[in-house]
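> just coords:
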(Lines give C-alpha, C1' and ligand atoms only; values in the text may rest on other atoms or scores of the structure.)
Protein backbone atom coordinates (compact mmCIF):
# COMPACT_ATOMS: atom_id res chain seq x y z
CA UNK A 1 0.00 0.00 0.00
CA UNK A 2 1.47 3.36 -0.99
CA UNK A 3 2.32 5.69 1.86
CA UNK A 4 1.11 9.25 1.50
CA UNK A 5 3.55 10.73 3.98
CA UNK A 6 6.62 12.68 3.15
CA UNK A 7 9.81 10.61 2.95
CA UNK A 8 10.90 11.11 6.56
CA UNK A 9 9.73 13.03 9.60
CA UNK A 10 13.16 14.59 9.86
CA UNK A 11 13.02 15.84 6.29
CA UNK A 12 9.55 17.25 6.87
CA UNK A 13 10.47 19.03 10.09
CA UNK A 14 13.50 20.59 8.39
CA UNK A 15 11.58 21.90 5.39
CA UNK A 16 11.50 25.55 4.44
CA UNK A 17 8.70 27.45 6.16
CA UNK A 18 6.04 27.68 3.42
CA UNK A 19 4.59 30.97 4.63
CA UNK A 20 6.80 34.00 4.26
CA UNK A 21 6.37 37.69 5.01
CA UNK A 22 4.51 39.33 2.17
CA UNK A 23 6.58 42.49 2.31
CA UNK A 24 10.30 42.92 2.92
CA UNK A 25 11.30 45.90 5.10
CA UNK A 26 14.48 47.51 3.72
CA UNK A 27 14.69 50.46 6.12
CA UNK A 28 13.78 50.89 9.73
CA UNK A 29 10.00 51.34 9.82
CA UNK A 30 7.66 52.64 12.48
CA UNK A 31 6.26 50.13 14.97
CA UNK A 32 2.86 50.22 13.25
CA UNK A 33 4.37 49.49 9.84
CA UNK A 34 6.39 46.60 11.27
CA UNK A 35 3.25 45.04 12.74
CA UNK A 36 1.37 45.36 9.46
CA UNK A 37 4.25 43.88 7.49
CA UNK A 38 4.66 40.88 9.75
CA UNK A 39 0.92 40.23 10.03
CA UNK A 40 0.55 39.40 6.32
CA UNK A 41 2.05 36.22 4.93
CA UNK A 42 2.15 34.86 1.41
CA UNK A 43 2.38 31.13 0.79
CA UNK A 44 5.76 30.11 -0.57
CA UNK A 45 5.11 27.19 -2.97
CA UNK A 46 8.62 25.79 -2.60
CA UNK A 47 8.32 22.82 -0.22
CA UNK A 48 4.72 23.67 0.73
CA UNK A 49 2.33 20.78 1.29
CA UNK A 50 -0.88 21.26 -0.69
CA UNK A 51 -3.95 19.08 -1.14
CA UNK A 52 -5.85 19.47 -4.43
CA UNK A 53 -9.37 18.07 -4.63
CA UNK A 54 -11.03 17.74 -8.01
CA UNK A 55 -11.70 15.19 -10.72
CA UNK A 56 -9.58 16.67 -13.49
CA UNK A 57 -9.40 19.72 -15.75
CA UNK A 58 -8.50 22.71 -13.60
CA UNK A 59 -7.33 20.48 -10.73
CA UNK A 60 -4.84 18.65 -12.97
CA UNK A 61 -3.40 21.94 -14.21
CA UNK A 62 -3.13 23.22 -10.63
CA UNK A 63 -1.34 20.05 -9.54
CA UNK A 64 1.12 20.15 -12.44
CA UNK A 65 1.95 23.82 -11.96
CA UNK A 66 2.41 23.53 -8.19
CA UNK A 67 4.71 20.54 -8.66
CA UNK A 68 6.77 22.57 -11.12
CA UNK A 69 7.03 25.29 -8.45
CA UNK A 70 8.47 22.83 -5.94
CA UNK A 71 5.41 21.97 -3.84
CA UNK A 72 4.50 18.62 -2.33
CA UNK A 73 1.10 17.94 -3.89
CA UNK A 74 -1.59 15.40 -3.08
CA UNK A 75 -4.49 15.13 -5.55
CA UNK A 76 -7.43 13.28 -4.04
CA UNK A 77 -9.34 11.13 -6.54
CA UNK A 78 -12.56 9.14 -6.22
CA UNK A 79 -11.34 6.58 -8.80
CA UNK A 80 -8.00 5.40 -10.19
CA UNK A 81 -8.72 6.67 -13.73
CA UNK A 82 -6.13 9.48 -13.53
CA UNK A 83 -3.78 7.83 -11.04
CA UNK A 84 -1.05 7.14 -13.59
CA UNK A 85 -1.19 10.65 -15.02
CA UNK A 86 -1.00 12.21 -11.56
CA UNK A 87 1.86 10.03 -10.39
CA UNK A 88 3.84 10.87 -13.56
CA UNK A 89 3.81 14.44 -12.28
CA UNK A 90 5.48 13.11 -9.10
CA UNK A 91 2.35 14.01 -7.14
CA UNK A 92 0.60 11.67 -4.70
CA UNK A 93 -2.83 10.29 -5.59
CA UNK A 94 -4.77 9.25 -2.47
CA UNK A 95 -8.14 7.65 -3.15
CA UNK A 96 -11.20 9.14 -1.51
CA UNK A 97 -14.81 10.12 -2.15
CA UNK A 98 -15.53 13.68 -1.03
CA UNK A 99 -19.09 12.63 -0.12
CA UNK A 100 -17.67 10.17 2.41
CA UNK A 101 -16.37 11.95 5.53
CA UNK A 102 -14.33 8.91 6.57
CA UNK A 103 -12.59 8.84 3.19
CA UNK A 104 -11.73 12.52 3.44
CA UNK A 105 -10.42 12.10 6.97
CA UNK A 106 -8.21 9.17 5.91
CA UNK A 107 -6.69 11.28 3.16
CA UNK A 108 -5.98 14.08 5.62
CA UNK A 109 -4.56 11.64 8.17
CA UNK A 110 -2.17 10.31 5.53
CA UNK A 111 -0.51 13.70 5.08
CA UNK A 112 1.78 14.86 7.86
CA UNK A 113 0.97 18.56 7.39
CA UNK A 114 -1.38 20.40 5.06
CA UNK A 115 -0.47 24.02 4.45
CA UNK A 116 -3.33 24.75 2.06
CA UNK A 117 -6.15 23.16 0.08
CA UNK A 118 -7.42 23.90 -3.43
CA UNK A 119 -10.88 22.48 -4.08
CA UNK A 120 -12.39 22.37 -7.58
CA UNK A 121 -15.04 19.74 -6.92
CA UNK A 122 -18.13 19.86 -9.09
CA UNK A 123 -21.12 17.64 -9.71
CA UNK A 124 -23.83 17.64 -12.33
CA UNK A 125 -27.32 19.07 -12.64
CA UNK A 126 -28.61 15.53 -12.14
CA UNK A 127 -26.54 14.98 -8.98
CA UNK A 128 -25.06 18.17 -7.49
CA UNK A 129 -24.48 16.84 -3.96
CA UNK A 130 -20.70 17.11 -4.19
CA UNK A 131 -21.04 20.84 -4.88
CA UNK A 132 -22.28 21.34 -1.33
CA UNK A 133 -21.75 18.19 0.76
CA UNK A 134 -18.44 17.23 -0.83
CA UNK A 135 -16.95 20.71 -0.65
CA UNK A 136 -18.14 21.15 2.92
CA UNK A 137 -16.61 17.83 3.96
CA UNK A 138 -13.26 18.99 2.54
CA UNK A 139 -13.54 22.39 4.22
CA UNK A 140 -14.28 20.88 7.62
CA UNK A 141 -11.47 18.33 7.32
CA UNK A 142 -9.01 21.03 6.27
CA UNK A 143 -9.90 23.11 9.31
CA UNK A 144 -9.53 20.09 11.59
CA UNK A 145 -6.14 19.34 10.01
CA UNK A 146 -4.93 22.88 10.65
CA UNK A 147 -4.61 24.03 7.03
CA UNK A 148 -3.89 27.73 6.87
CA UNK A 149 -5.65 28.57 3.61
CA UNK A 150 -8.47 27.19 1.45
CA UNK A 151 -9.19 28.17 -2.15
CA UNK A 152 -12.65 27.11 -3.30
CA UNK A 153 -13.37 27.15 -7.04
CA UNK A 154 -17.09 27.49 -7.75
CA UNK A 155 -18.74 29.25 -10.72
CA UNK A 156 -20.06 32.48 -12.10
CA UNK A 157 -23.74 32.46 -11.11
CA UNK A 158 -23.09 31.79 -7.44
CA UNK A 159 -24.01 34.25 -4.71
CA UNK A 160 -23.60 37.88 -5.70
CA UNK A 161 -22.92 36.86 -9.32
CA UNK A 162 -26.35 35.25 -9.77
CA UNK A 163 -27.38 37.63 -12.55
CA UNK A 164 -24.04 37.52 -14.40
CA UNK A 165 -24.61 34.49 -16.68
CA UNK A 166 -28.12 35.52 -17.67
CA UNK A 167 -31.46 34.08 -16.63
CA UNK A 168 -31.56 31.20 -19.12
CA UNK A 169 -28.09 29.93 -18.22
CA UNK A 170 -28.74 30.36 -14.52
CA UNK A 171 -31.96 28.36 -14.68
CA UNK A 172 -30.21 25.49 -16.47
CA UNK A 173 -27.39 25.39 -13.92
CA UNK A 174 -29.49 26.32 -10.89
CA UNK A 175 -29.34 22.90 -9.14
CA UNK A 176 -25.53 23.05 -9.16
CA UNK A 177 -25.23 26.74 -8.36
CA UNK A 178 -27.56 26.53 -5.36
CA UNK A 179 -25.39 23.77 -3.88
CA UNK A 180 -22.18 25.68 -4.58
CA UNK A 181 -23.73 28.66 -2.75
CA UNK A 182 -23.95 26.49 0.37
CA UNK A 183 -20.27 25.61 0.19
CA UNK A 184 -19.28 29.25 -0.33
CA UNK A 185 -21.35 30.30 2.70
CA UNK A 186 -19.83 27.54 4.82
CA UNK A 187 -16.28 28.60 3.95
CA UNK A 188 -17.00 32.28 4.57
CA UNK A 189 -18.52 31.48 7.96
CA UNK A 190 -15.43 29.47 8.91
CA UNK A 191 -13.25 32.38 7.87
CA UNK A 192 -15.33 34.85 9.86
CA UNK A 193 -14.88 32.62 12.90
CA UNK A 194 -11.11 32.78 12.44
CA UNK A 195 -10.80 29.08 11.58
CA UNK A 196 -9.10 29.42 8.18
CA UNK A 197 -8.03 31.93 5.54
CA UNK A 198 -9.97 31.62 2.31
CA UNK A 199 -10.45 32.77 -1.26
CA UNK A 200 -13.35 31.93 -3.57
CA UNK A 201 -12.71 31.91 -7.33
CA UNK A 202 -15.70 31.88 -9.68
CA UNK A 203 -14.71 31.02 -13.26
CA UNK A 204 -16.88 31.78 -16.25
CA UNK A 205 -17.63 29.17 -18.92
CA UNK A 206 -14.76 26.66 -19.13
CA UNK A 207 -13.02 25.60 -22.33
CA UNK A 208 -10.11 23.20 -22.75
CA UNK A 209 -7.92 24.82 -25.40
CA UNK A 210 -4.38 25.96 -24.48
CA UNK A 211 -4.08 29.00 -22.22
CA UNK A 212 -4.22 32.50 -23.66
CA UNK A 213 -2.39 34.12 -20.75
CA UNK A 214 -4.86 37.02 -20.88
CA UNK A 215 -7.35 35.90 -18.24
CA UNK A 216 -7.94 38.04 -15.17
CA UNK A 217 -9.42 37.97 -11.71
CA UNK A 218 -11.88 40.71 -10.87
CA UNK A 219 -14.01 41.68 -7.88
CA UNK A 220 -16.80 42.73 -10.27
CA UNK A 221 -19.60 40.22 -9.59
CA UNK A 222 -21.36 41.20 -12.83
CA UNK A 223 -18.51 39.81 -14.94
CA UNK A 224 -19.11 36.75 -17.10
CA UNK A 225 -17.46 35.11 -20.09
CA UNK A 226 -15.35 32.22 -21.30
CA UNK A 227 -12.02 31.14 -19.84
CA UNK A 228 -9.60 28.30 -20.51
CA UNK A 229 -9.07 25.74 -17.76
CA UNK A 230 -5.30 26.24 -17.72
CA UNK A 231 -5.77 30.00 -17.31
CA UNK A 232 -8.14 29.33 -14.39
CA UNK A 233 -5.45 27.16 -12.79
CA UNK A 234 -2.87 29.93 -13.07
CA UNK A 235 -5.24 32.44 -11.50
CA UNK A 236 -6.18 30.01 -8.73
CA UNK A 237 -2.51 29.53 -7.87
CA UNK A 238 -1.95 33.29 -7.79
CA UNK A 239 -4.86 33.60 -5.36
CA UNK A 240 -3.54 30.69 -3.30
CA UNK A 241 -0.07 32.18 -2.93
CA UNK A 242 -1.07 35.78 -2.21
CA UNK A 243 -2.29 37.13 1.11
CA UNK A 244 -3.96 39.96 -0.84
CA UNK A 245 -6.58 37.48 -2.06
CA UNK A 246 -7.60 36.40 1.44
CA UNK A 247 -11.31 36.86 2.20
CA UNK A 248 -11.97 37.80 -1.43
CA UNK A 249 -14.57 36.47 -3.87
CA UNK A 250 -13.07 36.80 -7.34
CA UNK A 251 -14.48 36.17 -10.80
CA UNK A 252 -12.14 34.58 -13.35
CA UNK A 253 -12.75 35.55 -16.99
CA UNK A 254 -10.79 36.06 -20.19
CA UNK A 255 -11.73 39.40 -21.80
CA UNK A 256 -9.86 38.39 -24.97
CA UNK A 257 -12.40 35.61 -25.58
CA UNK A 258 -15.51 37.79 -25.59
CA UNK A 259 -15.28 41.46 -26.65
CA UNK A 260 -17.01 43.79 -24.22
CA UNK A 261 -16.24 41.72 -21.11
CA UNK A 262 -13.37 43.94 -19.98
CA UNK A 263 -13.28 44.54 -16.22
CA UNK A 264 -10.91 46.11 -13.72
CA UNK A 265 -8.43 43.35 -12.79
CA UNK A 266 -7.79 42.43 -9.18
CA UNK A 267 -4.07 42.96 -8.74
CA UNK A 268 -2.24 40.33 -6.71
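Structure's in. What do you need? As the structure is a prediction and not an experimental result, all values here were calculated from the model.

> Where does pLDDT dip in the stretch 101-250 of the chain?
Under the criterion pLDDT under 70, no range of the stretch 101-250 of the chain is flagged.

> Show me where it has its helices.
Assigned by DSSP state H, counting those that start in this stretch, the stretch 101-250 of the chain shows helices spanning 101-109, 129, 135-145, 167-192, 229-241.

> Just list what the fourth one packs against, helices and strands only.
Think helix 167-192. Secondary-structure packing of helix 167-192 (3 or more Cβ pairs under 8 Å, 6 or more residues apart in numbering; DSSP states H and E): helix 135-145, strand 149-153, strand 197-203. Every residue, glycine included, has its C-beta placed from N, CA and C.

> what distance separates the shortest one from the middle of the whole chain?
Relative to its chain's centre, strand 149-153 lies at 4 Å (Cα atoms, centre = their mean, to the nearest Å).

> Partner strands of that strand and their direction?
When pairing is defined by DSSP bridges, strand 149-153 lines up against strand 116-119 (parallel), strand 197-203 (parallel).

> Not counting the longest one itself, show me its contacts.
By Cβ atoms under 8 Å, 6 or more residues apart in numbering, the list of residues contacting strand 197-203 from outside reads 58, 148-158, 161, 184, 187-188, 190-191, 217, 227, 232, 235-236, 239-240, 243, 245-253.

> From those, list the buried ones, please.
By neighbour count, with 16 or more other Cβ atoms under 10 Å, the contacts of strand 197-203 hold 58, 148-158, 161, 184, 187-188, 190-191, 217, 227, 232, 235-236, 239-240, 243, 245-246, 248-253 as buried.

> pLDDT score assigned to residue 258?
At residue 258, the pLDDT value in this model is 80.

> Please work out how many residues are found near the closest residue to it other than its chain neighbours.
Of all residues not flanking residue 258 in the chain, residue 225 sits nearest, at 4.3 Å (Cβ to Cβ, 6 or more residues apart in numbering). Neighbourhood size, residue 225 [other Cβ atoms under 10 Å]: 24.

> go on, residue 221?
18.

> got it, and residue 72?
Using other Cβ under 10 Å, residue 72 is surrounded by 25 other residues.

> That one and residue 45 touch, don't they?
No: if you go by Cβ atoms under 8 Å, residue 72 and residue 45 don't touch, sitting 9.9 Å apart.

> just to revisit the earlier point, need the winner for burial among the helices of the stretch 101-250 of the chain.
helix 229-241 (a mean of 24; mean count of other Cβ atoms under 10 Å).

> hang on, the earlier thing: so which of the helices of the stretch 101-250 of the chain is nearest residue 117?
Closest to residue 117 of the helices of the stretch 101-250 of the chain, according to Cβ to Cβ: helix 135-145, at 4.5 Å.

> packing partners for the closest one?
Right, helix 135-145 is packed against helix 101-109, strand 116-119, strand 149-153, helix 167-192 by 3+ Cβ pairs under 8 Å, 6+ apart.

> tilt between it and strand 149-153?
170 degrees (axes from the mean of the first three to the mean of the last three Cα atoms, to 10 degrees).

> Which parts of stretch 58-75 count as buried, going by neighbours?
In stretch 58-75, the ones that count as buried by 16+ other Cβ under 10 Å are 58-67, 69, 71-75.

> I meant to write stretch 212-228 there.
215-218, 220-221, 223-228.

> so who does residue 223 touch?
Applying Cβ under 8 Å, 6+ apart, the residues contacting residue 223 are 156, 161, 164, 204, 251, 253, 261, 263.

> That concludes my questions; thank you for your assistance.
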